[in-house]
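Engineer: Predicted model, plus sequence, below.
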Amino acid sequence: MVNLNFLPVRIVNALNKTDTDTLSELRLRTDFPIFGIFKGKKAYLSDEGATLDRNNALICRQGVILETVVNATERSLYAFNDRLKQGFITTRDGVRIGVAGECVFDNDRIITIKKISSLNIRVPHEIKNCSAAIYNKIFSHSVYNTLLVSPPAKGKTTILKDLARKLNDNTDYSVLIIDERGEFNRISGENIDLIKYSNKIYALSYAIRSMSPNIVITDELQSKEDWQSAEQAAYSGVKIVASCHGKDIEDLKSKDFFNKNVFERYVVIDADKSAGSVKGIYDKDFNII
């Protein structure tokens, strides 16, 4: 289990009475009950552990939010502000915490987020070998530009981490990980280079020249610039393995910035099953393989 000791002691003690191996999210909203997502289902957090009884749930007060943020940023919120103004902070152990509050702007440029009122704590899990089916189908004999597709919080990052480990252990390819949110902290190896807290287009603009990767792994293509960076990597001869939000292939094809000429394989994750469960693997023409 990843370290969650940045949380107030009462919450940590309550979590210790739950099955944290099945916990994917913990929601803290000021003046409302604290709850988690366990095995994809909502359960409230009480002093006795997880419960379906809302009346016994711990209530999140503003002090809980403040203590959590202060601890997660190691008492230096200023040092984390570049990430905070993007709507999240990431702990030393790679726990990503989504943040909601009042956005402060200078003209059209966001400066920070203050009066934080809600936190979405995404709990990462290392599930060894969860990418086995994908690796064996796509990477065991060659490497293809590959896109993982699934709804949010359904294991895309967990699979990418495991793919990075497999590529490091089983091949001599140089693997570059572009980690915008600090979620790949524990992934390392003799064939792995890691760039943290940089946007994709900047990281790729210098990393392809300076680090000479064979494969680039990056998470969550969202903006026009993200999709363009994937195109640039592919067109430069580097293989790219990435992910994006989507329900299925039709949803993917409807995205504004999607370019079908970039990726050679598409993996649709089965959102109703455990991490690594695959609904379908498709070739560049969207034929199932």
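Structural biologist: That came through fine.
Engineer: where does the stretch 151-289 of the chain dip in pLDDT?
Structural biologist: Within the stretch 151-289 of the chain, the stretches with pLDDT under 70 are 274-276.
Engineer: all strands of it, in order?
Structural biologist: Ranges of strands in the stretch 151-289 of the chain, per DSSP state E, counting those that start in this stretch, are 175-179, 192-196, 215-218, 239-245, 265-269, 278-283.
Engineer: can you check the stretch 1-150 of the chain too?
Structural biologist: Assigned strands in the stretch 1-150 of the chain, in chain order: 23-29, 32-33, 35-38, 41-46, 49-51, 59-60, 88-90, 96-106, 109-122, 146-150 (criterion: DSSP E, counting those that start in this stretch).
Engineer: want to throw these into CSV with distance to Val278 and mean neighbour count?
Structural biologist: Every C-beta, even on glycine, is put in place using the N, C-alpha and C of the backbone. Shown next, in CSV, are the strands of the stretch 1-150 of the chain (distance: least, Cβ to Cβ, whole Å; neighbours: other Cβ atoms under 10 Å):
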stretch, distance to Val278, mean neighbour count
strand 23-29, 19, 20
strand 32-33, 35, 17
strand 35-38, 22, 20
strand 41-46, 22, 18
strand 49-51, 29, 19
strand 59-60, 37, 18
strand 88-90, 28, 23
strand 96-106, 24, 15
strand 109-122, 22, 16
strand 146-150, 10, 24
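Engineer: how about the CA coordinates for stretch 11-27, as CSV?
Structural biologist: Taking C-alpha atoms only, stretch 11-27 is exported to CSV below (Å, rounded to 0.1, in the frame of the first residue of the first chain):
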residue,chain,number,x,y,z
ILE,A,11,-8.3,9.2,8.8
VAL,A,12,-5.1,7.1,8.6
ASN,A,13,-6.3,5.0,11.6
ALA,A,14,-9.7,4.6,9.9
LEU,A,15,-8.1,3.5,6.6
ASN,A,16,-6.0,1.0,8.4
LYS,A,17,-9.3,-0.8,9.3
THR,A,18,-10.2,-1.1,5.6
ASP,A,19,-9.0,-3.1,2.7
THR,A,20,-6.8,-0.4,1.2
ASP,A,21,-5.6,-2.7,-1.5
THR,A,22,-9.0,-2.1,-3.2
LEU,A,23,-9.1,1.6,-2.5
SER,A,24,-8.8,3.7,-5.7
GLU,A,25,-10.0,7.2,-4.6
LEU,A,26,-10.6,9.0,-1.3
ARG,A,27,-12.9,12.1,-1.5
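Engineer: quick one, domains of the protein?
Structural biologist: Here the domain parsing of the chain from automatic domain parsing is 9-122, 132-283.
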